[in-house]
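Student: predicted model follows, preceded by the sequence.
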Amino acid sequence: MRYMFLIYSQERPDPLTQQEAETIMSGHWAVMQDAQQKGILLGVDKLKPTSTATTVRVTGGSALTTDGPFAETKEQLAGYYMLECKDLDDAIEWAKRIPTGCIGAEGGIEIRPIHELSRRP
């Protein structure tokens, strides 16, 4: 089953030190390399800061666009992994390995199974 791992972290105005950034990235590279070698890595990306986001809401047929994320929160979506896992227990084991301090403070990983949509002819 495909699972999406949504990485939440806190954005900070002060940048990470080079050593902090290298430590976090080496953790990500280790997870990506292992998942790729096992043939279960389907995708992975880091997102740009929420200051670059645009939200679109459609109400009554009219679209309203606003700058920034859709909700005020302490943690922001920082990136994702998509992996083919045996089951939720397998997905949880992978989530434990993903660094969450991507932009600074600790965060969390939301695991969501992907609902397979039927292809339209």
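Tutor: Right, received. Where do you want to start? Numbering: from 1, shown residues only.
Student: which elements pack onto the longest helix seen in the chain?
Tutor: Ranked by residue count and defined by DSSP state H, the top helix of the chain is helix 18-37. Packing partners of helix 18-37 (3 or more CB pairs under 8 Å, 6 or more residues apart in numbering; DSSP states H and E): strand 41-46, strand 76-84. The C-beta positions use only the backbone N, C-alpha and C, and glycine is treated the same way.
Student: at 10 Å what do you get?
Tutor: If you count contacts as 3 or more CB pairs under 10 Å, 6 or more residues apart in numbering; DSSP states H and E, helix 18-37 packs onto strand 2-9, strand 41-46, strand 76-84, helix 88-95.
Student: buried set for the last one?
Tutor: Applying a neighbour-count criterion of 16 or more other CB atoms under 10 Å, one finds Ala91, Trp94, Ala95 buried in helix 88-95.
Student: how much space between the second one and Leu41?
Tutor: Counting by CB to CB, to the nearest Å, the gap from Trp94 to Leu41 is 10 Å.
Student: now the common contact residues for the two.
Tutor: Val31, Asp34, Ala35, Tyr81, Leu83 (CB atoms under 10 Å, 6 or more residues apart in numbering).
Student: would you mind writing the ChimeraX command to select the buried ones in those residues?
Tutor: Selecting only the buried entries of the shared contacts of Trp94 and Leu41 in ChimeraX, with 16+ other CB under 10 Å as the criterion:
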select :31,35,81,83
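Student: any weak-confidence spans in the protein?
Tutor: Applying pLDDT under 70 to the chain flags residues 69-74, 101-106, 119-121.
Student: same thing but at 50, please
Tutor: Low-confidence regions of the chain, defined by pLDDT under 50, span residues 103-104.
Student: in stretch 42-50, which residues are buried?
Tutor: Quick answer for stretch 42-50 (16+ other CB under 10 Å): Val44, Leu47, Thr50.
Student: next one: stretch 7-22
Tutor: So stretch 7-22, judged by 16+ other CB under 10 Å, has buried residues Ile7, Tyr8, Ser9, Gln10, Leu16.
Student: any idea which of the residues you listed is closest to Thr55?
Tutor: Tyr8 (17.1 Å; CB to CB).
Student: how close does the closest one get to Thr100?
Tutor: 7 Å.
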